[in-house]
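Chemist: Provided below for reference: sequence and predicted model.
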Amino acid sequence: MRYAAFLTLLSHWRRHPVQLATLCAGLALATALWTAVQAINSEAKASYARAAAMTQTPQYATLTAKNGLIPLSQYTDLVRHGWRLSPVLEGRWISAAGPLRVLGIEMLTHPPLPALSPADNAPDPIGFLTLPGQLAASTATAAALTNAPATSEVFATDSLPDGMVLTDIATAAKLLKNNNSISRLIIADQQQSGLTELSVLAPDLILSAANTPIGPAALADSFHLNLTAFALLAFTVGLFIVHGAIGLAAEQRRATLRSLRALGLPWKEAVSLLMAELLLLALLSGLAGVCLGYFAAGALLPGVDATLQGLYGAAQTNSLSIRSDWIFSGIAMSLFGAIAAGSHTLWKISRLPLLSAPGVHAWAEAASTSTKKLALSGLCLIGGGFLALQSGGLIAGFTFLSGILLGVALCLPLALATVARAVARKTQSPLAEWFWSDLQAQLPGLSLALMALLLALTANIGVSTMAGSFRLTFQTWMDQRLSAQIYVTVQTDAQAGSLVDWAADQDIAALPLRSAEGTYGQRRLEIYGVVNHPSYRSHWPMLSAGLEPWGAVAAGTGILISEQLARREDINLGDPFALTPSASFKVVGIYSDYGNPHGQVVVSMAQLDTLFPGIPSRRFALHMDKTRVEDIINLISQEPDFEGTNPVNQSAVKARALSIFDRTFLVTDALGILTLAVAGFAIFTNLLTLWDRRLSQLAPLLALGVTRRHLAILDLTRSLVLALLTFLVALPLGLVLAWILLKIINPEAFGWQLPLHFFPDEWLKMAILSITAAAIAAAIPCLRLWYLQPAALLGGFNNER
Amino acid sequence: MNARIILAFLVSVLPLAAIGQGFAGLGTVAEGFENPRPDYEITFPKDHAAHPNYRIEWWYLTANLQDENGRAFGVQWTLFRSALRPGQAAGWDNPQIWMGHAAVTSAQMHLTTERLERGGLGTAGVDANPFTAWIGNWQMASTGADLTPLSVSAYGEDFSYTLNLLADTPYVLNGDFGYSVKSPDGQASHYYSQPGYRASGTLSLPEGPVKVTGSAWLDREWSSQPLSAEQKGWDWFSLHFDTGSKLMGFRLRSSTGEFSSGTWINPDGTAEPLAPGEFIARPVEFAEGADSQIPVEWQVKVPAHNLAVTINALNPASWMDHSVTYWEGPVHASGSHSGVGYLEMTGYR
């Protein structure tokens, strides 16, 4: 009996292959997107782990400083107290071949590394330890470095990840221009007994026990979090498809179920059979999804790679390996998704009276009450989101975000129904009235697909607005901060002097750029000195400032502080700021300093020289007429006095920064479009599943004299109207999403806020995309209607159940 | 002390295919470094300090000690300096590398440790006045510019010691007024010793603290290429005889033969250099098992001073197995003279 019943239930799919395809494709697509992102994340993690195994020694305990840098003198002090330590200096180096991560180790005391093992193509130790030193790098990185002019010899090894160089700490100190501090101290595992505790000798340093995993940079972490969030969103969208397909199949199989029940099949068994069927389908679709995901990940990986390398210097790889973690996670998500999407339907089936008559209206009736319930739970979610926001913090921001997004999505069907009802009431023509009533009647069947579309559109609008605002702000900010046309770095005091004299002869303002490093609130602080020059007054990007801030700075009484510092230390305009115990200034301006993890202040050059004497002038900003830039760069390059100086055209710096920036959003853009495609597919499958019942609804109109073509156009219009209405809800929701990202999540995560900019052309693009998606989705049903034989339509009367 | 270990331990610390140029790269050509000269006049206290323009240098102390029950101990304290290139500089640019070796040896145990530090940072170095040689928290320090009195300390994972040294004998200039020739090809070093320290102090051992007294010997030596390319290792002896006489002798082994030399020190502290070949040392018994190459009993003769003694290692397993591997341990002498001393053997492993 059970076997026969199972075959009977399965036979439904033979009669409705499109429905089967929809269900499987929905699950497969959802799984594919999820798997793709998981595969990318997993590959990245594996590559971080590989890099870590090559370059880190987690089996040793380490000491780090809260501000990231340990003074060299503190290291010496600890060694003189008997501790056996190995210093490590790490940092980002802008090489001629692009930005690279430099790992500088003290070779004599550092634990063994694969790249320096005798089996590898190890360097000549004397050459490695003697300046200008040698750089070890992966074959690809070594090739890039060899082609670019570099001062140190480079040798290739298979034991290092791409994008980094391993070198002696002396060479690293030169490359990173950091001779006075180190990044961390590795504590040897054999120490003499009875040493004074490190917590006593260096209470300001952080002791990490051995085997503490060292993750990738926080920024790379947040990028992966972004990808995962996107994948979850895509998965949710996919589930809407599955939910719709399962619901319809169940509804259509109610007659079959009734017969099976009448033949003596217990409900419990019927439900378990349906469940088994669902799991079987989920497993098959999941496998297909994992395969699809593998290819999607393969296509996306180079973009992710470029982003992580360019922006974060994190190690990545160009090849994708098959790993059990993302395969299992994909299949598990598919099973979980099928259960989540199907359990509600199964539960409903088990509750329906045995002999209740099936039909579209009954389904719609039930759905209409559930529309209200949905909206109510949506409102609860929105309310919950606002409540969570009160508690503050990153988690609250994300909770608020998901509450608003899901809440509004759940309210969408009711909102659309209300609009349709209102418009129907206003219309005069019978056909128009029918159109709006019909639209309202079709909503329950389409609402899930529309919710999916709403989420996809919202995500796209939100992320593109955020990325656009980010880019615009960043660009403006760079225009302001890099206001000089040429930046020159000189090697010696003599060169500095001749450059200033030479610039004066050329009628060019050469403004020195000098900075010192300090601490504030135990964190690293960058202190910049500026000369009194009109270019600062007219260009410097202030967020808030008192009257004549530059006058106060020039007079030596005022200080400008960066936004990050102001937020972190809760400093306001007008507050006193103690730069050193004896030097206090009044905060006269707060300026934006995007992307800098460290606090920064600006004082007059005279104050900088008084407080931190002996800082040499090595960098100069040259202000001139734009037309002279090329000539001046040529002149500086040819002047023998300026040999070794490195004049940089400001516009080249900007272009480079923007290109790195744009690459970051390439991947999220691709994922956004994919999500939108999934939502379009959801609409398509919903329309297809509605097709059967649609004929019996259209037949009376045909009988009343409306042509098939007219009906087809009305059908298409309905889809477009729904898509447009959904877009109209998605637009403000997307802006809210962007606002949350820029104003709540970003300050919490990175310490700086960004202004929200609007991009109406992007909205237009999204509107067109959503309408196109709906049009493509509706095209096949419309075409079928267009060419349908009238007899088939009229036959609908016969088939009316 | 004569040709000792160079700090070309880089060769063994850092992966590099066997250099094939004598023990620990001592036979490699030294470009840009100063070379020892016969006319160089050693002066004190100036030459107690470091000579950064020479490639290698050491402050090498060995002590033969006894506890209250007459149990024999040996103690080693060595600071090696090795330059990657000549000269000094502050910070990471400094080309000097420092290595410390310390050991405590008895008939039953041989505890050793090593420290490595870069120059220029203050983690290791030698100051002239007051004289202080240090690496990490180990040090050999005087109260003034002279090398007496000295306080010496070193700390390992499972042992440590502090010793106080006092000497009233003159410094011994080995070879030709401190110019010590190491091969027929003319390789040489600047080399002087203070063999006359009286030592007292405490050894902190796994079994507990042990109070000790005895005698100690300090060697100061610097060079840039002390071995010829063919020389593969050496055997070096420093012996305190009960008569008050002392003997330093070495034998450099090469593929073409051997080169030996030394210094005889009379009880009054006056020294007589031994001509090449005057110092004769022959291995007579070897260690058992895996170390069957290493001689642990020697016949040592200096016919000019009527010396013929048998030298036995206190502990045949006195290996210093760190960045550079060599054998260094206390010995005792019997025969025409009796006494104690130290033996160093390199190039066997």
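Modeler: Arrived safely. Bear in mind the structure is a predicted one, so any value in this text is a computation, not a measurement.
Chemist: where do the strands sit along the stretch 51-200 of chain B?
Modeler: B:56-66, B:72-83, B:96-105, B:110-118, B:124-127, B:132-135, B:138-142, B:150-155, B:160-166, B:172-173, B:179-181, B:188-205 (DSSP state E, counting those that start in this stretch).
Chemist: Straight-line length of stretch A:63-73, end to end?
Modeler: 14 Å (Cα to Cα, to the nearest Å).
Chemist: can you list the domain ranges for chain A.
Modeler: As assigned by automatic domain parsing, chain A contains the domains A:1-56+A:239-355, A:57-208, A:482-650.
Chemist: could the strands of the stretch 51-200 of chain B go into CSV alongside mean neighbour count?
Modeler: From N, CA and C alone the C-beta is placed, and that goes for glycine too. Output for those, formatted as CSV (neighbours: other Cβ atoms under 10 Å in any protein chain shown):
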stretch, mean neighbour count
strand B:56-66, 25
strand B:72-83, 24
strand B:96-105, 25
strand B:110-118, 22
strand B:124-127, 21
strand B:132-135, 23
strand B:138-142, 21
strand B:150-155, 22
strand B:160-166, 20
strand B:172-173, 20
strand B:179-181, 23
strand B:188-205, 22
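Chemist: can I get those in TSV with distance to residue A:710 and mean pLDDT?
Modeler: Listed next are these as TSV, based on distance: least, Cβ to Cβ, whole Å; pLDDT from 0 to 100:
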stretch	distance to residue A:710	mean pLDDT
strand B:56-66	101	95
strand B:72-83	96	95
strand B:96-105	92	95
strand B:110-118	88	94
strand B:124-127	95	94
strand B:132-135	96	97
strand B:138-142	99	96
strand B:150-155	98	96
strand B:160-166	101	97
strand B:172-173	120	96
strand B:179-181	114	91
strand B:188-205	103	95
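Chemist: Including distance to chain A, could the ones you listed go into a markdown table?
Modeler: What follows is these, written out as a markdown table (distance: least, Cβ to the nearest Cβ, whole Å):
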| stretch | distance to chain A |
| --- | --- |
| strand B:56-66 | 13 |
| strand B:72-83 | 10 |
| strand B:96-105 | 7 |
| strand B:110-118 | 4 |
| strand B:124-127 | 8 |
| strand B:132-135 | 8 |
| strand B:138-142 | 8 |
| strand B:150-155 | 4 |
| strand B:160-166 | 7 |
| strand B:172-173 | 32 |
| strand B:179-181 | 26 |
| strand B:188-205 | 9 |
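Chemist: can you tell which of those strands is closest to residue A:400?
Modeler: Closest to residue A:400 of the strands of the stretch 51-200 of chain B, according to Cβ to Cβ: strand B:110-118, at 52.9 Å.
Chemist: Name the strands paired with that closest one and say parallel or antiparallel.
Modeler: strand B:96-105 (antiparallel) (DSSP bridges).
Chemist: by how many degrees do the strand it pairs with and strand B:138-142 diverge?
Modeler: Counting by axes from the mean of the first three to the mean of the last three Cα atoms, to 10 degrees, strand B:96-105 lies at 90 degrees to strand B:138-142.
Chemist: Which pLDDT value belongs to residue B:12?
Modeler: For residue B:12, the pLDDT comes out at 31.
Chemist: Point out where chain B drops to low pLDDT.
Modeler: Scanning chain B for pLDDT under 70 picks out B:1-31, B:226.
Chemist: Okay then, goodbye and thanks.
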